[in-house]
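[1] make a model of this:
(one chain, ligands or ions: 1)
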Amino acid sequence: MSDMNIDDCYELAMKLVDEAGELVASRNSQRKTVQIKSHPTDFVTETDQQVEKLFVDGIRAKFPDHQFIGEEDMSEGKKAILTNAPTWIIDPIDGTMNFVHSFPHSAISIALLVNKVTEIGIVYNPVLGQKFTARRGQGAFYNGHQIHVSDEKDLTKALIMVEFGTNRESEKVKVIMENLSKLVRKGHGLRCLGGAVLNICYVALGAAECAYDFGAHAWDYAASEFIVREAGGITIDPSGGEFDIMSRRLLVANNIEMAKQLTAELIQYYPSPRDDE
Ligand code: IPD
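    Coordinates of the predicted model:
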């Protein structure tokens, strides 16, 4: 795919993100009707479905061969299959629980991968006007200003982004709590925004040093982890191995020294099924 085509894709994605943002912002303070998905705290609203449709319809009209991995399409039990075809990975509203409560930390997330390599990542919290953008090799931006990860190397001086996830089964909750209990005594502080996507983007912003996650999905990670890498950070598996976008496991950090110290502290959890199972 030529640079020209990626330019076209980026322009279209930015236009659709703004349209989606208007819809989400206009509904943030309204009462929502929710449908429960995999767990009693895992919701979808009509707005999640409308935003995903807005993206899929808008992109298909211009690029009929492109593929999609979208959260709300996947919730019907489909496997996420990533091929070499241009593929848009979409979370129409990350932090749906926040959106339902009018808590102003939810985000639209869209990434384009070509040959399984990320070309574009856009994350937009329309309620607070926070827009993160990145293109391969061109750096990461926050509301148009270039951003860079923090240069701190010591975990004891780090802010660590954490998330509880939507699965509250006892085995998972036990691991989450044990990790929180260890890390709250280790770093400067723990922060939880209630949405994996914005947590990860705050590492790109240099506002936190690292984030880890057990249980979110490819659509939570695709744009946000790319924005961290374009801001100078790294993405790995929480065990220290290579990141696998289908594994529902991620660790992002400002640098490898920080990542290694966090990895050494974490009790591991392997969510099942993976996104491609
Ligand atoms: C969820 C949020 C939540 C995280 C979950 C995600 P959704 O995404 O990011 O904070 O803990 O693991 O699935 O359902 O709001 O798009």
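
[2] contacts only, for Ile122.
    Ile122 makes contact with 13-14, 17, 108-111, 131-134, 223, according to C-beta atoms under 8 Å, 6 or more residues apart in numbering. Yep, even glycine has a C-beta here, placed from its N, CA and C like the rest.

[3] out of those, which comes closest to the ligand?
    Ser109 (8.3 Å; C-beta to the nearest ligand atom).

[4] any idea how far His188 is from the closest one?
    Using C-beta to C-beta, to the nearest Å, Ser109 is found at 27 Å from His188.

[5] between these two, who's got more neighbours?
    More crowded of Ser109 and His188, by other C-beta atoms under 10 Å: Ser109, with 32 against 15.

[6] what comes up buried for whichever strand or helix holds Glu119?
    Element membership for Glu119, per DSSP states H and E: strand 117-125. Residues 118-125 are the ones in strand 117-125 that count as buried (16 or more other C-beta atoms under 10 Å).

[7] roughly how far apart are Glu244 and Ile81?
    One thing to correct before we go on: residue 244 is Asp, not Glu. From Asp244 over to Ile81 the distance is 14 Å, taken as C-beta to C-beta.

[8] which positions in the stretch 101-250 of the chain make contact with the ligand?
    Within reach of the ligand by C-beta under 6 Å from any ligand atom, the stretch 101-250 of the chain has these residues: 163-166, 194-196, 215-217, 220.

[9] quick one, helices of the stretch 1-150 of the chain?
    For the stretch 1-150 of the chain, the helices defined by DSSP state H, counting those that start in this stretch occupy 3-27, 46-62, 71-74, 96-100.

[10] please state the offset of the first one from the chain centre?
    Averaging C-alpha positions (C-alpha atoms, centre = their mean, to the nearest Å) puts helix 3-27 17 Å from its chain's average.

[11] and the last one, by the same measure?
    Averaging C-alpha positions (C-alpha atoms, centre = their mean) puts helix 96-100 15 Å from its chain's average.

[12] output the contacting helices and strands for it.
    Other elements packing on helix 96-100 under the criterion 3 or more C-beta pairs under 8 Å, 6 or more residues apart in numbering; DSSP states H and E are strand 43-45.
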